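coordinates only, sequence not included:
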């Protein structure tokens, strides 16, 4: 019997040869046309990639570049990312960081170069994840487009540059961070969770050992959540909370076999995360080392996110239609996580704010993607969204994508931190530096050197020891310190270099080696030179 081409499988050359006319007609009839989101997503990816690449890496990028450098030096037993100490137990060494370290070892790329390449990759994962998740909420073709617009513009009217914040301005600095990758994976995990939990999905897919419709599909979803947990544990809290909201909204029938499947997914997530050899993710429970620095996110939360409240009417309308709507439940549960962080003093949970706002932003996107004619309420909401997006763009976000040379208004630009290649070329890998500079203390470790006192808490280094080191470094940098006191600190931590701001005097025992024309910072050697 002649073989007929099927739209569900590739067409073989033999079929085309025997059915030339019919095959050509079929090909003409199936001309591919991009969806609005594919066109917009490609343009957004291009613009944001260029915006990301035009800004020098700053802020926490030094920490993540340092992680890659340590893994490049020793993939199996990396040192502490910022100190001359072992790195065992550090949550920075997750699967994704190890993959980046392996790439650096294979290609010879530096940690900074790996981060430059990671930004566009993270953006692809984020955009495709958003598209997949929004399609589980509505088939409206313009909904994902509006979701990305609102997700990046409807924040607040005060700039905040923080890991996990999804505004355009924040993306120019944090797109290369593991948190951006973890958020993209979270959207993918939510999309797959929604598909598995849907009653219609269960009705049309056979339940068997093969394919995503069977038990292995739930194992795969669990592994994906476990990966998010290892890549960025704080984001995993939002991912798991969103999963609970989606399952509660979508899963109507709670038969024994259904409960067993979700139990398998949860067990797979825990097992995958617990089996990671570089650090014990379960030991992070109750860790408070990062809480103090996150309090400022609560204090500025209203100013940083109030524009997202434009999505509240859309979310309220969804709640009136169904109290079990996934975005409604996600908003409620994620809000409880953020509230718990404030009440308990675990201020790190302020990082879950992005998932609270996503529920509002995506509800607004789905509502305004409805076909016309619109009623008066939707028209008012639409105009309010336009005004809000313009306010968000002009007050905070515009400088991210509008270069200074093309800026007729004077939008606030992303930060342009100095680079420290001029100093790093004199410092050997792993040699210890003392610095009094704000930017230097955050970036120099990304070039390979270590700090006498790491600026960030890390479970791999006891917090009491880190604070003791900080105290010793402050004593060293005190203008009233004696040479004997400085020598004792230098010997204790094997200090070889000083990287000092222009206003700090160079100690008498130090030898100036280089200086920066841009910042006036000075690199000075402590002790005799080392032949390398």
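Nice, I can see it. Treat the numbers as computed from the prediction; the structure is a model and nothing was measured. Residues are numbered from 1 along each chain as shown.

burial count for residue 340?
Counted with other C-beta atoms under 10 Å, the burial measure for residue 340 works out to 14 neighbours. Where C-beta positions appear, they are placed from N, C-alpha and C, glycine not excepted.

Revised request: answer the last question for residue 327.
The tally of other residues near residue 327 (other C-beta under 10 Å) stands at 25.

Please apply the same query to residue 458.
Neighbour tally, residue 458, other C-beta under 10 Å: 22.

Start the count at 51 instead of 1 going forward.
Let's use 51 as the start, then, which means that last one is residue 508.

Just to check, it is in contact with residue 142?
Yes. Residue 508 lies in contact with residue 142 (C-beta atoms under 8 Å); the separation is 7.1 Å.

where do the contact lists of the two overlap?
residue 131 (C-beta atoms under 8 Å, 6 or more residues apart in numbering).

Would you mind naming the helix or strand containing residue 169?
Counting by DSSP states H and E, the element that carries residue 169 is helix 161-187.

Next up, the contacts around residue 113.
Remark: with contacts taken as C-beta under 8 Å, 6+ apart, residue 113 is in contact with 131-132, 142, 492, 495-496, 506.

try residue 238
With C-beta under 8 Å, 6+ apart as the criterion, the residues that contact residue 238 are 175, 178-179, 182-183, 274.

Looking at neighbours, which among those residues is most surrounded?
If you count neighbours using other C-beta under 10 Å, the busiest of those is residue 183, which has 25 neighbours.

Quick one: the strands in the stretch 401-550 of the chain, in order.
Using DSSP state E, counting those that start in this stretch, the strands found in the stretch 401-550 of the chain span residues 482-485, 500-501, 545-550.

thinking again about what came up before, so the helix or strand following the helix holding residue 169 versus helix 161-187, what angle?
Beyond helix 161-187 in the direction of the C-terminus, DSSP H and E gives the next helix or strand as helix 193-203. Calculated by axes from the mean of the first three to the mean of the last three C-alpha atoms, to 10 degrees, helix 193-203 forms an angle of 130 degrees with helix 161-187.

mean confidence score for helix 193-203?
Per-residue pLDDT values over helix 193-203 give a mean of 97.

and that helix, what does it pack onto?
Applying 3 or more C-beta pairs under 8 Å, 6 or more residues apart in numbering; DSSP states H and E, one finds that helix 193-203 contacts helix 86-103, helix 161-187, helix 218-224, helix 403-418, helix 426-442.

of the contacts of residue 113, closest to residue 403?
Nearest to residue 403 among the contacts of residue 113 is residue 506, at 20.4 Å by C-beta to C-beta.

what's the spacing between the residue nearest to the closest one when sequence neighbours are not counted and residue 359?
Counting by C-beta to C-beta, 6 or more residues apart in numbering, the nearest residue to residue 506 once its immediate chain neighbours are dropped is residue 113, at 6.2 Å. Counting by C-beta to C-beta, to the nearest Å, the gap between residue 113 and residue 359 amounts to 33 Å.

correct me, but residue 556 touches residue 550?
Yes. Under the criterion of C-beta under 8 Å, residue 556 lies in contact with residue 550, with a separation of 6.3 Å.

Comparing these two, which residue is more hemmed in?
Of the pair residue 556 and residue 550, residue 550 is the one with more neighbours under other C-beta under 10 Å, namely 24 against 13.

got the contact list for that one?
Taking C-beta under 8 Å, 6+ apart as the definition of contact, the neighbours of residue 550 are 485-487, 556, 571-572, 574.

Likewise for residue 376?
The contact partners of residue 376, taken as C-beta under 8 Å, 6+ apart, are 187, 244, 295-296, 299-300.

how does it look with 6 Å?
295-296, 299 (C-beta atoms under 6 Å, 6 or more residues apart in numbering).

Tell me the one of those nearest residue 399?
Distances from residue 399 to the contacts of residue 376, taken as C-beta to C-beta, are shortest for residue 295 (16.3 Å).

Need the pLDDT of residue 229.
At residue 229 the predicted local distance difference test score is 95.

hang on, it packs against residue 283?
No. Applying C-beta atoms under 6 Å, one finds residue 229 not in contact with residue 283, separated by 10.2 Å.

More neighbours: the two, which one.
Neighbours of residue 229 and residue 283, each counted by other C-beta under 10 Å, are more numerous for residue 229; the result is 24 against 19.

Helix or strand: which one has that one?
Applying DSSP H and E, one finds residue 229 within helix 228-247.

low-confidence ranges in the chain?
51-79, 249-263, 336-337, 578-582 (pLDDT under 70).

could you show me where the helices are in the stretch 251-400 of the chain, in order?
265-281, 283-300, 306-324, 341-349, 351-355, 362-371, 376-394 (DSSP state H, counting those that start in this stretch).

now the ones you listed as JSON lines including distance to residue 167?
Shown next, in JSON lines, are the helices of the stretch 251-400 of the chain (distance: least, C-beta to C-beta, whole Å):
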{"stretch": "helix 265-281", "distance to residue 167": "17"}
{"stretch": "helix 283-300", "distance to residue 167": "21"}
{"stretch": "helix 306-324", "distance to residue 167": "26"}
{"stretch": "helix 341-349", "distance to residue 167": "28"}
{"stretch": "helix 351-355", "distance to residue 167": "29"}
{"stretch": "helix 362-371", "distance to residue 167": "37"}
{"stretch": "helix 376-394", "distance to residue 167": "31"}
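
between those helices, which one is nearest to residue 428?
Taking C-beta to C-beta as the criterion, helix 362-371 is the member of these that comes nearest to residue 428, at 9.0 Å.

Let me see the residues that make contact with that closest one.
By C-beta under 6 Å, 6+ apart, the list of residues contacting helix 362-371 reads 375, 378, 410, 413-414, 417, 431.

Go again with 7 Å.
For helix 362-371, the external contacting residues (C-beta atoms under 7 Å, 6 or more residues apart in numbering) are 375, 377-378, 381, 409-410, 413-414, 417, 431.

cool, stretch 516-535 as well?
Counting by C-beta under 7 Å, 6+ apart, the neighbours of stretch 516-535 from elsewhere in the structure are 484, 486, 502-504, 507, 536, 539, 542-543, 554-555, 558-559.

again, 8 Å this time
Stretch 516-535 has contacts (C-beta under 8 Å, 6+ apart) with 133, 484, 486, 502-504, 507-508, 536, 539-540, 542-543, 545, 554-555, 557-559.

Ok, stretch 418-433 next?
The contact list for stretch 418-433, computed with C-beta under 8 Å, 6+ apart, reads 188, 190-193, 195-196, 360, 363-364, 414, 417, 435.

quick one: buried residues of that stretch?
Of the residues in stretch 418-433, 418-419, 428, 431 count as buried by neighbour count, 16 or more other C-beta atoms under 10 Å.

Likewise for stretch 386-395?
For stretch 386-395, the buried set under the neighbour-count rule, 16+ other C-beta under 10 Å, comprises 387-388, 391.

Stretch 556-569 too?
Result for stretch 556-569 [16+ other C-beta under 10 Å]: buried residues 557, 560, 565-566, 569.

mind listing the helices for the stretch 451-582 of the chain?
In the stretch 451-582 of the chain, the helices defined using DSSP H, counting those that start in this stretch lie at 471-474, 488-493, 513-527, 533-543.

for these, which one ends up most surrounded?
Looking across the helices of the stretch 451-582 of the chain with neighbours counted as mean count of other C-beta atoms under 10 Å, the highest average goes to helix 488-493: a mean of 21.
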